[in-house]
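S.K.: Following is a predicted model, sequence given first.
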Amino acid sequence: MISLLHVALCCVATGGVVAPPRALPREPVIISTAWLARHGAERNVVVLAVLHSEDEFRRGHIPAARFIDYGAITTTRDGLATELPDAARLRQVFVSAGVTDASRVIVYSDMPLMASRAFFSLEYLGQRHAAILDGGLKTWQAQGGRVVTDAPVVRPGTLTTHEHSELIADAAWIQSHLESPHVALVDTRSDVEYRGAGERHGMPSLGHIPGARQRSNVTMKLAEPTTVEMTSPPHVGRASPGGSEPMGRLPRASWALWEDDVAAV
């Protein structure tokens with residue numbers, strides 16, 4: 001289950017620039033299962049199920065959903081897992097799933113972090129019409145949505161958009177913005193990783209970046225399913241006032257790179 005806070009932190013505020021709220025003339029980044037039930041058959045709507053394996057996909061998915069292998073939108077680089085692949089590889093993954101420049105892409109997963117990673121990947125590629133399905137497959141089924149096991153016939157799409165490298169923050173960028181009143185660093189790792197007392201997936205942690213505030217991804221999930229019906233977009237998303245600075249950046253190599261380059265606390 002995904003909350004507005006979860007998406008805001010995972011997709012916007014991780015190492016991000018915090019800007020004053022303003023009305024954003026754009027589509028919501030979270031959509032309800034009711035919205036999908038009404039609009040899912042429209043020609044420009046592309047539903048992506050981000051999972052670890054095709055076996056999961058075959059066990060049941062939302063009608064017309066296309067399978068995206070989570071491993072295809074992450075990579076291992078310099079011994080660090082879940083890094084962002086190069087733009088050409090990412091583009092091919094989504095093109096193969098039928099995504100175009102104008103597609104209204106609806107992403108869901110059994111794990112919120114996987115859905116938000118796919119959302120960010122599309123943002124990075126410049127596809128500006130993606131959203132996350134609130135509640136995912138579980139809420140879809142709970143509200144009477146049909147589940148199928150057959151894979152749809154997919155016609156490859158075309159993505160001519162350009163990647164937004166400004167959405168990626170390296171250690172040098174973070175170091176130079178540590179004292180900025182316009183920057184908030186949010187650490188979404190577990191308590192032990194934040195305190196420097198543990199590791200995850202074989203990646204030890206010595207602490208956190210100075211000034212970073214913790215919002216663990218574990219605690220940012222809603223305990224019970226809920227549906228968010230968006231009548232106006234939340235103040236998280238794709239442009240900051242003036243359009244010159246992104247509201248959020250994803251740290252390149254995240255904490256592990258910072259440990260190599262800069263002292264921890």
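M.R.: Cool, got the structure. Residues are numbered from 1 along each chain as shown.
S.K.: number of nearby residues for Tyr194?
M.R.: Here the count is done by other C-beta atoms under 10 Å, and Tyr194 has 20 residues near it. For every residue, glycine as well, the C-beta is placed using N, CA and C.
S.K.: wait, Ala88
M.R.: If you count neighbours by other C-beta under 10 Å, Ala88 ends up with 8.
S.K.: just Val148 next, same as before
M.R.: Burial of Val148 is recorded as 13 neighbouring residues (other C-beta under 10 Å).
S.K.: unless I'm mixing things up, it is touching Arg58, no?
M.R.: No. Checked against C-beta atoms under 8 Å, the pair Val148 and Arg58 is beyond contact range at 10.0 Å.
S.K.: Neighbours of Met114, how many?
M.R.: Applying the criterion other C-beta under 10 Å, we find 21 residues in the vicinity of Met114.
S.K.: quick one: contacts for it?
M.R.: Met114 makes contact with Val50, Leu51, Tyr70 under the criterion C-beta atoms under 8 Å, 6 or more residues apart in numbering.
S.K.: Which of these ranks first by neighbour count?
M.R.: Ranked by neighbour count under the definition other C-beta under 10 Å, the contacts of Met114 are headed by Val50 with 27 neighbours.
S.K.: Now do the SS call for that residue.
M.R.: Reducing the assignment to helix, strand or coil with DSSP: H, G, I helix; E, B strand; the rest coil, the entry for Val50 is strand.
S.K.: returning to that earlier point: make TSV out of the contacts of Met114 and add pLDDT.
M.R.: Formatted as TSV, the contacts of Met114 follow (pLDDT from 0 to 100):
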residue	pLDDT
Val50	98
Leu51	97
Tyr70	97
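S.K.: Let me know the closest of the residues you listed to Leu137.
M.R.: Nearest to Leu137 out of the contacts of Met114 is Leu51 (C-beta to C-beta; 9.7 Å).
S.K.: so that closest one touches Phe67, yeah?
M.R.: Yes. In this structure, Leu51 sits in contact with Phe67. The criterion is C-beta under 8 Å, and the distance is 6.6 Å.
S.K.: Check the contact lists of these two and give me the overlap.
M.R.: Each of Phe57 lies in contact with both Leu51 and Phe67 under the rule C-beta under 8 Å, 6+ apart.
S.K.: so where's the stretch 101-250 of the chain shaky on pLDDT?
M.R.: Applying pLDDT under 70 to the stretch 101-250 of the chain picks out residues 200-202, 218-250.
S.K.: Could I get the full set of strands for it?
M.R.: 104-108, 130-133, 168-169, 183-184, 186-187, 199-200, 203-204, 213-214, 250-251 (DSSP state E, counting those that start in this stretch).
S.K.: Redo those as a markdown table? Include distance to Thr160 and mean neighbour count.
M.R.: A markdown table is the format used below for those (distance: least, C-beta to C-beta, whole Å; neighbours: other C-beta atoms under 10 Å):
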| stretch | distance to Thr160 | mean neighbour count |
| --- | --- | --- |
| strand 104-108 | 15 | 24 |
| strand 130-133 | 16 | 24 |
| strand 168-169 | 21 | 20 |
| strand 183-184 | 32 | 17 |
| strand 186-187 | 33 | 20 |
| strand 199-200 | 37 | 12 |
| strand 203-204 | 36 | 14 |
| strand 213-214 | 38 | 14 |
| strand 250-251 | 23 | 21 |
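S.K.: Output the ones you listed in a markdown table; the columns should cover distance to Pro85.
M.R.: Listed next are those as a markdown table, based on distance: least, C-beta to C-beta, whole Å:
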| stretch | distance to Pro85 |
| --- | --- |
| strand 104-108 | 17 |
| strand 130-133 | 17 |
| strand 168-169 | 12 |
| strand 183-184 | 26 |
| strand 186-187 | 23 |
| strand 199-200 | 20 |
| strand 203-204 | 18 |
| strand 213-214 | 27 |
| strand 250-251 | 13 |
